[in-house]
Structure formats: structure tokens, C-alpha cells
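Colleague: What shape does this take:
(one chain, ligands or ions: 1)
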Amino acid sequence: MVPEGLEVREEEGSNMEIHVQKKNEIELVFTISGADMSFVNAIRRVCMMEVPKMAIDDVHIIKNDSAMFDEVLAHRLGLLPLVSDSESIDGMILPEECDCEEYCPKCSVSMVLKKEGPGVVYSKDLSSEDSRIKPVYDTIPLLKLKDDQEVELEATAQLGIGMEHAKWEPTTACAYKFYPQITIGEDCQSCQKCAEACPRGVLEFDKKSEKIKVVDELNCSMCKSCFRVCESRTIDIGFDDTKFIFTIETDGSTPPEEVLIKACDVLSEKADKIIDIL
Ligand SMILES: [Zn+2]
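Modeller: The predicted model follows:
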């Protein structure tokens with residue numbers, strides 16, 4: 001029964017559309033339309049804060065003759081991106097879900113670093129007991145050793161989430177912006193000043209039609225440089241508030257599409273929990 005004066009609005013089916021614009025090992029850019037800001041922001045927050053990855057959490061320094069303080073070295077080790085794609089961390093669980101007393105192979109991976117100077121100690125010098133979980137990059141400098149100096153330590157890597165510490169954040173950049181809408185009016189004199197003023201190559205003068213054309217809408221940062229130089233005021237910069245450009249950039253530990261998939265799983269689990277409770 002619907003009370004008088006109230007209107008029943010039928011929910012339309014989801015008309016969300018996603019188009020991938022750029023995808024490589026560390027970056028994913030896609031457009032998402034038919035969604036609202038709160039939903040897109042929820043995905044962004046979960047990508048950054050609740051997708052688990054591996055990071056060194058405990059360091060036992062046996063010997064450190066270098067000029068670097070033990071705490072600084074431990075901090076550097078914590079920030080090392082470790083391989084954390086689904087295949088590599090298969091079977092690993094978060095320490096709080098593990099029933100062991102401190103560390104066990106289900107929740108932690110132990111690593112050893114032993115090196116004598118002189119020379120620079122790099123991330124590749126860290127040897128891991130699990131060949132899958134190791135530093136993503138070999139050439140990250142950790143510290144410098146002089147003649148007769150030595151470093152020896154044991155480190156333990158565990159899964160964690162960004163909400164707890166930034167070292168467990170899989171993303172280095174995770175952001176969205178409204179989809180720009182650039183309209184060029186009929187009165188355009190084709191003076192080309194807008195194309196010259198644009199710092200991102202969004203506009204171009206088309207020699208064939210002798211008109212200004214939008215060639216790279218996605219790259220527009222809405223700085224309005226074009227708008228300011230347009231004497232005839234025919235160019236207009238706006239945005240579509242139901243369409244977003246979403247960028248995920250990772251530190252190389254987890255592929256960006258995997259971060260997105262896992263974030264959607266986390267959101268979906270939360271929704272399931274609510275349904276269960278109700
Ligand atoms: Zn354990």
C-alpha cells in the first residue's frame with residue numbers, strides 16, 4: 001500500500017558503464033559512467049585502505065656498522081614494495097586471522113640480509129625464504145657500507161592493510177575526477193589561441209575543416225587556460241557529474257586491476273554482512 005500523495009518511482013536497472021583507457025603493470029585508467037560520487041569514492045577508499053599487501057613489519061638487527069641508524073634502516077625496509085599479487089600471496093592470511101602465537105608460514109615470510117662493505121646494499125641483497133615474496137625492484141638502495149663495515153639482519157614480512165600503516169597501501173596514487181565536457185560554440189573564430197594556451201594538448205587546430213577540435217578530452221585538467229584566452233568567449237569547460245575518470249597507480253606490488261577487483265570484493269563482503277545481519 002502506498003500512502004496517498006506519495007509517488008512510487010521504479011528503480012531502473014544499473015546502467016553503469018566502464019571503459020578501460022589505459023592499462024599496464026602499474027597503472028589503470030578507466031572511465032565509469034552512470035555512477036554517483038559516493039559510490040566511486042567508496043571504491044577509491046577501499047583500494048587505498050583495505051586491499052591487503054605484504055610489507056616488512058618486524059626487523060631484528062644483528063649487526064649494523066653503517067652510518068645509518070637502525071630505526072631508519074628498519075623504516076626503509078618497511079617501505080620496500082614486496083611482490084603481493086594474488087598468485088604470490090595465495091594461502092597467506094592476515095596475522096589477526098592466524099591462530100599462531102607470533103609468526104608462522106601461514107601469516108609471515110622471513111627474510112635475511114647479510115652483506116660486507118665496501119659498497120651499496122640494494123633490495124636484491126635481501127634473501128627471502130619464500131621465492132615468490134621478494135622485493136619488486138632489485139635496485140632500491142638501502143644503505144652504504146664502507147671498508148670493514150657489515151650489516152646483518154632478519155626481517156619478517158606480513159600481510160596488512162593501508163588503514164593500519166601506509167606501508168601496506170598497494171596504491172601510490174588512487175583518484176578520480178569528473179569527466180570534462182568541452183564545448184566549442186558556433187561563433188569560434190579559429191584564432192587558435194586556445195590550442196596554444198592548453199598545457200595538455202587537449203585542443204588542436206584541424207587544418208582540413210579549419211576549426212578547433214577536441215583531441216584529448218580525458219587529459220583535460222579543467223584549468224580553463226583556453227577559456228581565459230578565448231576573445232569571442234565561445235569555448236566552455238564543464239563536467240559530467242555522473243561520469244568519472246578513475247586512475248589507480250600502484251607501487252608494483254599488486255597489479256592495478258587486481259587492486260580494483262579485491263576492493264570490489266571487500267565492498268561486496270561488507271554488503272553481504274549487512275544483509276546477513278538483517
Ligand atoms: Zn601465523
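
Colleague: tell me which element residue 68 falls in.
Modeller: Here residue 68, judged by DSSP states H and E, is contained in no helix and no strand.

Colleague: ok, it - how many residues close by?
Modeller: Applying other CB atoms under 10 Å, we find 18 other residues in the vicinity of residue 68. Any C-beta I mention is one placed from the backbone N, CA and C, and that applies to glycine too.

Colleague: wait, doesn't it sit right on residue 145?
Modeller: No: Residue 68 is not in contact with residue 145 according to CB atoms under 8 Å; the separation is 9.6 Å.

Colleague: chain center to the lengthiest strand in the chain: distance?
Modeller: For the chain, the strand with the greatest residue count under DSSP state E is strand 235-250. Averaged C-alpha coordinates place strand 235-250 at 17 Å from its chain's average position (CA atoms, centre = their mean, to the nearest Å).

Colleague: tell me which residues in that strand are buried?
Modeller: The neighbour-count criterion (16 or more other CB atoms under 10 Å) identifies 235, 237, 242-250 as the buried residues of strand 235-250.

Colleague: how about the helices of the stretch 51-200 of the chain, start to end?
Modeller: Secondary structure of the stretch 51-200 of the chain, counting by DSSP state H, counting those that start in this stretch: helices at 70-78, 193-197.

Colleague: nearest to residue 263, of these?
Modeller: Distances from residue 263 to each of the helices of the stretch 51-200 of the chain were compared using CB to CB; the minimum, 22.8 Å, belongs to helix 70-78.

Colleague: Remind me what the closest one packs against, helices and strands.
Modeller: With contacts defined as 3 or more CB pairs under 8 Å, 6 or more residues apart in numbering; DSSP states H and E, the secondary structure elements packing on helix 70-78 are strand 53-64, strand 141-145, strand 150-160.

Colleague: hmm, try it at 10 Å
Modeller: The elements that helix 70-78 packs onto, with contact taken as 3 or more CB pairs under 10 Å, 6 or more residues apart in numbering; DSSP states H and E, are strand 53-64, strand 108-116, strand 141-145, strand 150-160.

Colleague: quick check, distance from it to the centre of its chain.
Modeller: Taking CA atoms, centre = their mean, one finds the center of helix 70-78 at 23 Å from the center of the full chain.

Colleague: Identify the bridge partners of the residue in the stretch 151-278 of the chain that the ion sits nearest to.
Modeller: When you check the stretch 151-278 of the chain against the ion by CB to the ion, the closest residue turns out to be residue 158, at 8.7 Å. Assessed by DSSP bridges, residue 158 has beta-bridge partners residue 55, residue 108.

Colleague: Please give the number of neighbouring residues around residue 77.
Modeller: For residue 77, the count of nearby residues is 25 (other CB under 10 Å).

Colleague: Equivalent analysis for the one 4 residues further on, please.
Modeller: By the measure other CB under 10 Å, the count of residues near residue 81 is 21.

Colleague: Surely it is in contact with residue 254?
Modeller: Yes: when contacts are counted by CB atoms under 10 Å, residue 81 is listed as touching residue 254 (9.1 Å).

Colleague: Which residues are in contact with each of those two?
Modeller: Taking CB atoms under 10 Å, 6 or more residues apart in numbering as the contact definition, residue 81 and residue 254 share the neighbouring residues 53-54, 136, 170.
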